[in-house]
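> need a 3D model of the following:
(chains A, B, C and D)
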There are 2 protein chains.
Amino acid sequence: MGQDLPVTSFALLGLFTFGDDDGPRSLTGYELKQVADATLRFYWVSPAMSQVYKELSRLAERGLVSPSDDERGTTYSITSAGRSALETWMRESEPGFSVLKHPIALRLLLGHLVDPSTTLAMLRNHLEALDREREALVEVRESLRGADAPRQTFRHPSLVADWGLEYFAHERLIIDDLIRRIDQDE
Amino acid sequence: MGQDLPVTSFALLGLFTFGDDDGPRSLTGYELKQVADATLRFYWVSPAMSQVYKELSRLAERGLVSPSDDERGTTYSITSAGRSALETWMRESEPGFSVLKHPIALRLLLGHLVDPSTTLAMLRNHLEALDREREALVEVRESLRGADAPRQTFRHPSLVADWGLEYFAHERLIIDDLIRRIDQDE
DNA sequence: AGACTAGTGTTCCACTTAGGAATAGACGAG
DNA sequence: CTCGTCTATTCCTAAGTGGAACACTAGTCT
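Numbers count the residues shown, from 1 in each chain, chains lettered A, B, ... in the order given. Down below sits the predicted model:
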């Protein structure tokens, strides 16, 4: 069967597996996009709206989600075929290594093209952006409290969120240090 | 003028600014791909071959690099227009925030779908992959020694490489900790 | 009441990027 | 003198982006 879907498909499909207390999750494309923006974006991507809808039709075509019309619009929920496709993917495919697209690092690399004050200003702005992102992730983390103990629904999401928070905290330290080093170079 | 190029164009263009001791750098598409694989991949992307050649023709069209045929094939070097386009881009465009695509984090998020031993195995494999990547970056860092002092050619590349090494070291700690936490959950 | 903003829900299109395969010459090893 | 590997390049397709367009709902301002 065609389980050869891009990672983003499985990522979106996976979001359907965090059932509310009352059964499996059903979401419209719009809602799925909100969920992805709130969570996936920190360590995967924030897919475009058009992408979300395209994924949903593809997943529906393959029977991994099932659409149904209700007063909210077209809502989708994961099927048992979808759940088992996810499990197979988790168990049997290679994760691959992470890809980081870091415009600040890229521009720091090319620091010899501008004067140090430009680079320093960029790094200081980045510290602020970092704080804003961290804030957003703190909110996500807080929203998981209450169901984040070892066998509860949000155990794994909370592990990932903690990882992200650590990541932001450490990046802050590194940038502080870089600012110090570049300042001294002067 | 059309300075509205994607970041990857500027990233590749930027690689031409690290002149060897004897003047500006001239590279074939193939060589440029090697350089990108060795350096850019750690904090931007490893563009596909096809992408590299497409970029080079576009940059040449706009006069930012100039092609010339020699015995190696078609080689390109940066023009003064290219250099100033880069500088303008560095000074005047918004960097934007970083995007991380981390398959391990994504799969950890969905940890409730498989048993803990699968997740643990994945994390342990990731530690090894991390060490391999770190090793590759260590080599890059070593290759910069000798020209990495405050005003030398590889000052900025070495700052970025140090950042990357810190990043890998810290991720290692986080993964170790996650393994410990998941092990205890059992 | 009427106008106006903001949020929800969805589709379409054009464009860019990414990945892989295919091709081809050159070069050294067996 | 053939095989594999490195260099160099092109082509095709899939994946992903961004913006425009459209429609419907609900609340706010005047």
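> spell out which parts of chain A neighbour DNA strand C.
A:Thr28, A:Gly29, A:Tyr30, A:Glu31, A:Gln34, A:Met49, A:Ser50, A:Tyr53, A:Arg72, A:Gly73, A:Thr74 (CB under 7 Å from any atom of the strand). To be clear about C-beta, it is placed using only N, CA and C from the backbone, and glycine gets the same treatment.
> separate out the buried members of those.
Buried by 16 or more other CB atoms under 10 Å in any protein chain shown: A:Thr28, A:Gly29, A:Glu31, A:Tyr53, A:Thr74, out of the residues of chain A next to DNA strand C.
> narrow the residues you listed to those in strands?
Among these, the ones falling in strands (DSSP state E) are A:Thr74.
> show me where chain A has helices.
Under the criterion DSSP state H, chain A contains helices at A:7-15, A:29-38, A:49-61, A:80-92, A:103-109, A:116-144, A:155-185.
> one step back: pipe the buried ones among the residues of chain A next to DNA strand C into JSON lines and attach pLDDT per row.
JSON lines is the format used below for these (pLDDT from 0 to 100):
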{"residue": "A:Thr28", "pLDDT": "94"}
{"residue": "A:Gly29", "pLDDT": "94"}
{"residue": "A:Glu31", "pLDDT": "94"}
{"residue": "A:Tyr53", "pLDDT": "96"}
{"residue": "A:Thr74", "pLDDT": "93"}
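> farthest pair within the buried ones among the residues of chain A next to DNA strand C?
Pairwise distances across these (CB to CB) peak at 12.0 Å, for the pair A:Glu31 and A:Tyr53.
> which ones are touching the residue nearest to A:Pro150 when sequence neighbours are not counted?
The shortest distance from A:Pro150 to any non-neighbouring residue, by CB to CB, 6 or more residues apart in numbering or on different chains, is to B:Asp185 (4.1 Å). By CB atoms under 8 Å, 6 or more residues apart in numbering or on different chains, the contact list for B:Asp185 reads A:Pro150, A:Arg151, A:Arg155, B:Pro116.
> show the buried residues in those.
The buried subset of the contacts of B:Asp185 - by 16+ other CB under 10 Å - is A:Arg155.
> how deep is A:Arg124 tucked in, by neighbour count?
A:Arg124: 12 surrounding residues under other CB atoms under 10 Å in any protein chain shown.
> what's near enough to touch the most centrally placed residue in chain A?
Nearest to the centroid of the C-alpha atoms of chain A, with distances taken as CA atoms, centre = their mean, sits A:Leu40, at 2.0 Å. When contacts are counted by CB under 8 Å, 6+ apart, A:Leu40 touches A:Ala11, A:Leu12, A:Leu15, A:Ser46, A:Pro47, B:Leu106.
> then A:Gly29?
Contacts of A:Gly29 by CB under 8 Å, 6+ apart are A:Met49, A:Val52, A:Tyr53, A:Leu56, A:Gly73, A:Thr74, A:Tyr76.
> I figured the fifth one hits A:Glu31, correct?
No - with contacts counted by CB atoms under 8 Å, A:Gly73 stays clear of A:Glu31, the gap being 9.2 Å.
> residue furthest from the geometric center of chain A?
Centroid-distance maximum for chain A: A:Glu186 at 38.5 Å, with CA atoms, centre = their mean.
> enumerate every residue touching the residue lying closest to that residue once chain neighbours are set aside.
Among residues not flanking A:Glu186 along the chain, A:Pro116 sits closest, at 5.7 Å (CB to CB, 6+ apart). Listed by CB under 8 Å, 6+ apart, the contact set of A:Pro116 reads A:Ile182, A:Asp185, A:Glu186.
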